[in-house]
Structure formats: structure tokens, C-alpha cells
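>>> Prediction below, plus the sequence it came from.
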Amino acid sequence: MRPKLGQHFLADESVLAFEAECANGAGKSVLEIGAGDGRLTAKLLSAGAGHITAVEIDPKLAKALRMKFQRQKRVRVIEQDFLEFEAGRPFNCIVGNIPYYITSSALLKLSRMDFEKAVICIQKEVAERLVSKPGTRNYGRLSVFAQLSFRIEILALVERGSFVPAPKVDSCIISLEKTGFTLDSSTEKAIGALFSHKKKSLRNAVVDARSELFGSTDKSSALRIAQTLKYAGRKVFSLSPQEILATASQLV
């Protein structure tokens, strides 16, 4: 195991079976993120997956996966970082236990991929942030991005003891279905700039984030722009994803 890769293998058989069942991959093409030691891969095969593309960054694990499934024509192992993986085609479903340190990047990657449904296991705290409502403590940039990009459902809590070695936090299995909306990089950057001052009024947030938003330190110009915004007097974190999107679109 290589801790620097965030490897905590999901070992609970019932949780693995639940994750494979939720993927609903029978007869379908499945992309598995971080196949690890192949436990989830085996469950997906048992659930009738038509074909599995198993992506694994660790060379030793990738080699072991090839050996484990060498007689299984329905499994293709790719030794690569998922964040650099180019699918080249759509998948019916995507599954995986996402290392905590790449969760945000993996979600961004998923938002730009073509699939019907994703069932992934992520840190519980992150799952809660994804579904947080405006005005709540956990609501932030990631909440806005995720809710614009996906229909999200938390399916199950996965306690830390279900992993080997056990991490310091609990996890959740969530499902993602794409909304059809893709956030462009300029708008994403503007949303991030606003949420760096999320407890301030939108007016003040725009002024304070003027360098990131406009590439300028001119406070008076930023204030003039801020005062024209529909939600200028409301705090940034009280705005819905759609309100944030509309505001950011005016600023880019």
C-alpha cells in the first residue's frame, strides 16, 4: 500500500455489494476509478457488468489486477491516473472509491465526462458539502458547482471501519446524474473568487475579490459594477446555485 496515494481499500463485502448493485451495471459498460485490489471489480462482475474498464494508478496494483482478471475478457485494466484518463467514449456507469485528496478534481473531471450514472464513495464531510443548502455552514463553492452539474443523492453511510487500513473519517456512497450543464472555467473562477468572501455581502465580496475578478486593484470601478448586481445586498453564501451562476455570468 502507498499511503501517499490515499489508498484505503473498501473491504466490507456487504458495502461493496451494495455499491455494485446501486451502479446497476448489468450488461452495461462500467468505468471503475481506482480499482485497487479488485474487490469492487469482482462484485461488479458478479452483478453482471457487461464490460469494466478498471483504471488504477499504482503499477503494482495494476499488475496484480491484470493477473487476477487475466481470464476475464470483460475486464480491461488501465494503469493511469484517473485525472489524466481520456475516455474517448461514453460509459453507462462510473463507480469507484475516490481517494480523499483528489475528490474535488475527480468531481470536476466527472462533470466533463459522458455517462448515465456515477456511484462513488467519498469522504462523508465532502458528501455533506455537496448537498448543502444556501445559508448553511457547509454551503460553498463545491456545493454550487456540484448542484449545477449533477443531481446528487446520498445513498449510504460507510463507517471508517469498513476500510483497510481504516481512515480517520467516515465516508458516504453517493449517486450522481448529470444535469447537462457544464461550468466553464471563467465562470468557475468567478464563483471561487466570490466564495472566498462568502460571509460578506455580494457587493463587498466583488470589491474585495476585484483582483481575481477583473485583474484590477481599482476599488471604485469594482464598486460601481457591484452596485449594479441584482443580489448586491445579500450575503454570498445565501445565494442559490442558480443565483450565483447568474451573478458570476455577469462578472466574466
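Nice, thanks for sending it over. Residues are numbered from 1 along each chain as shown.

>>> what residue is smack in the middle of this protein?
Residue closest to the average C-alpha location in the chain (CA atoms, centre = their mean): residue 107, at 2.3 Å.

>>> hang on, that residue in a strand?
No: assigned with DSSP: H, G, I helix; E, B strand; the rest coil, residue 107 falls outside any strand and is helix.

>>> Could you measure from the closest residue to it other than its chain neighbours over to residue 32?
The shortest distance from residue 107 to any residue other than its chain neighbours is 6.3 Å, reached at residue 146 (CB to CB, 6 or more residues apart in numbering). Using the backbone N, CA and C atoms, a C-beta is placed for each residue, glycine as well. According to CB to CB, to the nearest Å, residue 146 stands 21 Å off from residue 32.

>>> higher neighbour count, these two?
Each of residue 146 and residue 32 has its neighbours counted (other CB atoms under 10 Å); residue 32 has more, 29 against 25.

>>> Parallel or antiparallel, list what pairs with the helix or strand containing that one.
Assigned by DSSP states H and E, residue 32 belongs to strand 29-33. If you go by DSSP bridges, strand 29-33 pairs up with strand 51-56 (parallel), strand 91-97 (parallel).

>>> Dump these to a markdown table, plus mean pLDDT.
Listed next are those as a markdown table, based on pLDDT from 0 to 100:
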| stretch | mean pLDDT |
| --- | --- |
| strand 51-56 | 98 |
| strand 91-97 | 97 |
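
>>> which residues sit against the host helix or strand of residue 247?
Using DSSP H and E, residue 247 sits in helix 241-251. Around helix 241-251, the neighbours that count as contacts under CB atoms under 8 Å, 6 or more residues apart in numbering are 134, 143-144, 147-148, 187, 190-191, 194, 202, 206, 213-214, 225, 229-231, 236, 239.

>>> Domains in this structure, by residue range?
According to automatic domain parsing, the chain comprises the domains 3-178, 185-251.

>>> quick one: average confidence on the last one?
For domain 185-251, mean pLDDT is 97.

>>> Work out the gap between that domain and the centre of the chain.
24 Å (CA atoms, centre = their mean, to the nearest Å).

>>> Endpoints of that domain, how far apart?
Domain 185-251 has an end-to-end distance of 13 Å (CA to CA, to the nearest Å).

>>> How about the contacts made by the residue of the chain positioned farthest from its centre?
Most distant residue from the mean C-alpha position of the chain: residue 220, 37.6 Å away (CA atoms, centre = their mean). Taking CB under 8 Å, 6+ apart as the definition of contact, residue 220 has no neighbours.

>>> Numbering from 657 from now on, please.
From this message on, residue numbering opens at 657, which makes the last subject residue 876.
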